[in-house]
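Asker: Sequence first, predicted coordinates after that:
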Amino acid sequence: MTIAISVVLVATVIGLLLYMLAQKPVTGAQQLIQQGRYANAVAAAESDWIHRAEALKLLGRFEEAIDSYRKSDDPAAREGIALSLAHLGRDLDQAQRLMEEQIALYPQIQEFQALGLAYIFLRAGKREEALRIFRDNLELLETRFRDDYTDPDPLLAETLFLYAELSEAAGDRQRAAALRKKAAAWAPGSVWQV
């Protein structure tokens with residue numbers, strides 16, 4: 001009996017170790033982003049197109065971010081392009097299409113993607129549709145940021161910014177101010193520090 005438990009325990013530990021090693025490694029660019037060194041992350045990214053794009057976006061360099069996203073094979077690149085277009089206020093029909101495709105393909109984090117879609121609608125002047133989508137996902141967003149996403153992460157600062165913009169559009173200026181403050185704290189020195 002003791003031998004069987006030991007074998008199961010060793011197999012479990014080995015299985016977990018193999019699983020951890022199979023995950024995407026943390027890149028230098030990713031570490032630099034977490035340290036708030038966005039320009040250094042751009043330089044260090046080389047062919048890590050997704051983290052290069054994220055660092056560029058944190059710097060407010062949306063055109064360059066779009067170019068990097070287009071070179072990435074990461075599924076999140078489509079969403080990054082859509083939001084960058086929305087921040088630029090151009091090609092909003094394309095941004096909407098890209099975000100809707102992203103939601104259809106990867107519904108696992110639909111509340112964040114729906115927030116992005118609502119922001120795109122808001123930027124396109126489709127206020128009522130934006131607020132409907134926002135309100136439909138508000139409770140889940142609140143839960144995510146209360147329970148799951150509590151550690152400061154520069155890569156989530158944009159989501160906080162979108163959340164703030166839509167909260168303000170919905171008339172909740174107090175929530176919007178608190179979210180902007182949190183975005184600035186999570187990504188100091190970034191475009192989200194407004």
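Answerer: Received the coordinates, thanks.
Asker: CA atoms for contacts and neighbours, from now on please.
Answerer: OK.
Asker: Provide a list of residues in contact with residue 189.
Answerer: Shown in contact with residue 189 (CA atoms under 8 Å, 6 or more residues apart in numbering): residue 36.
Asker: which SS class is it?
Answerer: For residue 189, the assignment made with DSSP: H, G, I helix; E, B strand; the rest coil gives coil.
Asker: Please apply the same query to residue 74.
Answerer: Residue 74 ends up coil, using three-state DSSP.
Asker: Can you give me the neighbour number for it?
Answerer: By other CA atoms under 10 Å, 12 other residues sit near residue 74.
Asker: Identify the nearest residue to it in space, disregarding sequence-adjacent positions?
Answerer: Leaving aside its chain neighbours, residue 74 sits nearest to residue 50 (6.7 Å; criterion: CA to CA, 6 or more residues apart in numbering).
Asker: so how far is residue 191 from the one you found?
Answerer: In this view, residue 50 and residue 191 are 18 Å apart by CA to CA, to the nearest Å.
Asker: more neighbours, those two?
Answerer: Comparing residue 50 with residue 191 by other CA under 10 Å, the one with more neighbours is residue 50, at 25 against 18.
Asker: So that one is in contact with residue 70, correct?
Answerer: No - taking CA atoms under 8 Å as the definition, residue 50 is not a contact partner of residue 70, at 9.0 Å.
Asker: Now for the two: what residues contact both?
Answerer: residue 77.
Asker: pLDDT weak spots in the protein?
Answerer: 1, 4-27 (pLDDT under 70).
Asker: residue ranges for the helices of it, please.
Answerer: Using DSSP state H, the helices of the chain run over 2-22, 28-34, 38-45, 49-58, 62-71, 77-88, 92-105, 110-123, 127-143, 157-169, 173-186.
Asker: which of the ones you listed sits most buried?
Answerer: Most buried of those, by mean neighbour count (mean count of other CA atoms under 10 Å): helix 49-58, with a mean of 27.
Asker: Mind putting the helices of the chain into TSV with distance to residue 149?
Answerer: Converted to TSV, the helices of the chain look like this (distance: least, CA to CA, whole Å):
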stretch	distance to residue 149
helix 2-22	21
helix 28-34	15
helix 38-45	21
helix 49-58	18
helix 62-71	24
helix 77-88	19
helix 92-105	20
helix 110-123	12
helix 127-143	9
helix 157-169	11
helix 173-186	11
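Asker: Tell me which of these sits nearest to residue 151.
Answerer: Set against residue 151 and scored by CA to CA, the helices of the chain come closest in helix 173-186, at 8.5 Å.
Asker: so what does that closest one touch, helix or strand wise?
Answerer: Where contact means 3 or more CA pairs under 8 Å, 6 or more residues apart in numbering; DSSP states H and E, helix 173-186 is packed against helix 157-169.
Asker: report the angle between the axes of the helix it packs on and helix 49-58?
Answerer: 50 degrees (axes from the mean of the first three to the mean of the last three CA atoms, to 10 degrees).
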